[in-house]
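1. sequence plus predicted model, see below.
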Amino acid sequence: MWRLDEKAKRKYAAAERFGLTEKLLQSGWAGLSAKDSGRIGGSLKAKRKPN
């Protein structure tokens, strides 16, 4: 069983929120479009706690 770090868990959760889980499982992270990757990255940045 794979153990994911917190960052990876957040990335997969964001992909699930945007309905990209099936596409992600079929083609991996490299198979996502730039738009989809940007949506995931933007949501992660917005939810990040300030230092």
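-> Structure received.
2. and Leu32, how far from Arg3?
-> Distance, Leu32 to Arg3, using CB to CB, to the nearest Å: 23 Å. (C-beta placed from N, C-alpha, C; glycine too.)
3. for Lys35, same thing?
-> Going from Lys35 to Arg3 by CB to CB gives 30 Å.
4. what's the answer for Phe18, then?
-> Separation of Phe18 from Arg3 (CB to CB) stands at 24 Å.
5. more neighbours, those two?
-> Legend: neighbour count by other CB atoms under 10 Å for Phe18 and Arg3, higher for Phe18 (14 against 6).
6. can you get me a residue count around Ala15?
-> 22.
7. what's it in contact with, if anything?
-> Ala15 is in contact with 21, 24, 40, counting by CB atoms under 8 Å, 6 or more residues apart in numbering.
8. just the buried ones from those residues?
-> Buried by 16 or more other CB atoms under 10 Å: 24, 40, out of the contacts of Ala15.
9. so which bits of the longest helix seen in the chain are buried?
-> Taking DSSP state H as the criterion, the chain has its longest helix at helix 34-47. The neighbour-count check on helix 34-47 (16+ other CB under 10 Å) flags 36, 39-40, 43 as buried.
10. Serialize these to JSON lines and add fields for distance to Lys11 and pLDDT.
-> What follows is these, written out as JSON lines (distance: CB to CB, whole Å; pLDDT from 0 to 100):
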{"residue": "Asp36", "distance to Lys11": "12", "pLDDT": "94"}
{"residue": "Arg39", "distance to Lys11": "12", "pLDDT": "93"}
{"residue": "Ile40", "distance to Lys11": "6", "pLDDT": "93"}
{"residue": "Ser43", "distance to Lys11": "10", "pLDDT": "90"}
